[in-house]
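# compute the structure for the input listed below.
(chains A and B)
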There are 2 protein chains.
Amino acid sequence: MQIAIYVYDRLTALDAIGPYEVLSRLPEAELVFVGAQAGPVRTDTGRLSLVADAARDEVTAPDIVLVPGGPGQTDLMGDEGLRAWLRAVDATSTWTTSVCTGSLLLADAGLLDGRRATSHWLALEQLGELGAVPVAERVVEDGKVVTAAGVSAGIDMSLTLAGRIAGDVVAQGIQLGIEYDPQPPFTAGSPARAPADLVELLRAASRFVLEGDGRAPAA
Amino acid sequence: MQIAIYVYDRLTALDAIGPYEVLSRLPEAELVFVGAQAGPVRTDTGRLSLVADAARDEVTAPDIVLVPGGPGQTDLMGDEGLRAWLRAVDATSTWTTSVCTGSLLLADAGLLDGRRATSHWLALEQLGELGAVPVAERVVEDGKVVTAAGVSAGIDMSLTLAGRIAGDVVAQGIQLGIEYDPQPPFTAGSPARAPADLVELLRAASRFVLEGDGRAPAA
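Numbering: from 1, shown residues only, chains lettered A, B, ... in the order given. The predicted model follows:
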């Protein structure tokens, strides 16, 4: 079972690494990080390089494809090479998946038309504009397409997927192995639960990002 | 504020990337991945390379040091170069931290003698044998030393630390940004909550790992 995680410059690392940590532990998983070319990509913070072991041209029929999000997603909208690869791998995949704004890239490739899907809470409106039916849930399944909300939601999505693929006991074994018994010290992880002024603050900041030049504000 | 995350071959990626995703977003954070040498390390699954941007000799006085865990930890027990670096950076750090079996490396350097600390649930006994006072909690603070339980616990630990450093509002903003509103599909994330036979299965497998040649079983 081949699992391809697509990486690119200015992705958000945890979008990719959460699901990697779960899915790579599935029996017979052959997980590969894929990029436009093989080689390192730099994450959104500018503080880390992850290495794509394969170019996308070398990975043509993965069983699972996963597209993470991050500020670099904006640079890839309309990228014909990526669109063609996503359409090709989706044609034969068992599961087509995303985390955070990775769903915007799936939508940009035309893979979410009329499908229920999710994204980072700040990107749900845009997801709808791209033809998907946006759903404000942490993990959304529509047939073989499984999408996760922002960043850390990829862990929940991939455990859900692990259960579908290998059964609940295997998924629970992975959960126990990575000791995923979350106990956040605050309850601010979703716009429904966070203080309203904080939600507005992030919304204002994101407006700058999403409606500006598409790049994150300078640090 | 310099934050050094130490990486090495056969580390568990999420141990490092969870805290990276939180701590790199602190105001004025200058986060750096550090290795024995600069360059790529290969994670425990053999499926990913992360790049250390700096050699440890170049990073001599970080404000925060974080040591992740993973099967490769066993190779580093008794490593005099690492011991010396950890002792040196701990002497001037504001916070000395670990995730998962990273605490065994802190203990091996003599930094946890008589201190309350935690680790992956399968490593708590060994942590006690190394001189620490093992505590089966998700995040354990003892003065400036903050340790996390297994793998995913690093997210909770780093959010706790973010609150201490920059205040609760900033930490909550980071939590909302990474949409950390966990909803695991199963409740098997700790030995107290997982099915007993699953706990025993993992305990038996780990006995092979911990009492064998120290390397993970072949995939």
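# tell me the SS of A:T74?
Following DSSP: H, G, I helix; E, B strand; the rest coil, A:T74 is assigned to helix.
# what's the burial count for it?
18 (other C-beta atoms under 10 Å in any protein chain shown). No exception for glycine: its C-beta is placed from N, CA and C like everyone else's.
# likewise for A:A61?
For A:A61, using other C-beta under 10 Å, the count is 12.
# so how far is B:P184 from it?
A:A61 sits 31 Å away from B:P184, going by C-beta to C-beta, to the nearest Å.
# same question for A:L124.
22 Å.
# what does A:A171 give?
Separation of A:A171 from B:P184 (C-beta to C-beta) stands at 10 Å.
# which neighbours do the two have in common?
Shared contacts of A:A171 and B:P184 (C-beta atoms under 8 Å, 6 or more residues apart in numbering or on different chains): A:L159.
# looking at the two, which one has more neighbours?
Per other C-beta under 10 Å, whichever of A:A171 and B:P184 has more neighbours is A:A171, with 25 against 19.
# so what's the more buried one up against?
A:A171 neighbours (C-beta under 8 Å, 6+ apart): A:159-160, A:162-163, B:185-186.
# which phi and psi does it have?
Main-chain torsions, A:A171, degrees, to the nearest 10: phi -60, psi -40.
# next, see if the lowest-mean-pLDDT helix or strand in chain A gets close to chain B.
Each helix and strand of chain A was given a mean pLDDT (mean pLDDT, DSSP states H and E); the minimum falls on helix A:196-211 at a mean of 81. Yes: if you take C-beta under 8 Å from any C-beta of the partner chain as the test, helix A:196-211 does meet chain B, through A:198-199, A:201-202.
# in chain A, which residue sits furthest out from the middle?
A:D197 (26.8 Å; C-alpha atoms, centre = their mean).
# thought A:I155 was touching B:Y180?
No: using C-beta atoms under 8 Å, A:I155 makes no contact with B:Y180, being 9.5 Å away.
# flag the shaky bits of chain A, pLDDT-wise.
A:208-219 (pLDDT under 70).
# in it, which spans are helices?
Taking DSSP state H, the helices of chain A run over residues A:13-23, A:73-76, A:80-92, A:102-108, A:124-129, A:153-166, A:168-177, A:196-211.
# and the residue nearest to the spatial centre of chain A, bridged to which residues?
Closest residue to the average C-alpha location of chain A: A:V99 at 1.9 Å, with C-alpha atoms, centre = their mean. Following DSSP bridges, A:V99 is listed with bridge partners A:A148.
# show the contacting residues for it.
The contact partners of A:V99, by C-beta under 8 Å, 6+ apart, come to A:15-16, A:18-19, A:66-69, A:147-148, A:150-151, A:153-154, A:157.
# distance check, it against A:M157.
7 Å.
# list residues touching both of these two?
In terms of C-beta under 8 Å, 6+ apart, A:V99 and A:M157 are both contacted by the residues A:19, A:147-148.
# from the residues you listed, list the buried ones, please.
By neighbour count, with 16 or more other C-beta atoms under 10 Å in any protein chain shown, these hold A:19, A:147-148 as buried.
# so which of these would you say is closest to chain B?
Of all those, chain B sits closest to A:A148, with 9.1 Å by C-beta to the nearest C-beta.
# enumerate every residue touching the closest one.
By C-beta under 8 Å, 6+ apart, the residues touching A:A148 are A:97-100, A:118, A:138-140, A:154, A:156-157.
# coming back round to it: show me which of the residues of helix A:196-211 next to chain B are buried.
For those, a burial check counting by 16+ other C-beta under 10 Å picks out A:198-199, A:202.
# can I get stretch A:150-158 in CSV? Just the C-alpha atoms.
Output in CSV follows, covering the C-alpha atoms of stretch A:150-158 (Å, rounded to 0.1, in the frame of the first residue of the first chain):
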residue,chain,number,x,y,z
GLY,A,150,-6.6,22.9,10.2
VAL,A,151,-3.1,21.6,10.9
SER,A,152,-3.5,19.3,13.9
ALA,A,153,-6.7,17.8,12.6
GLY,A,154,-4.6,15.6,10.3
ILE,A,155,-3.9,13.4,13.3
ASP,A,156,-7.6,12.7,13.8
MET,A,157,-8.2,12.3,10.1
SER,A,158,-5.4,9.8,9.7
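# wait, doesn't A:F186 sit right on B:L176?
No: under the criterion of C-beta under 8 Å, A:F186 is not in contact with B:L176, lying 9.2 Å apart.
# show me the contacts for A:D15.
Residues in contact with A:D15 (C-beta under 8 Å, 6+ apart) are A:68-70, A:99-100, A:102, A:151, A:154.
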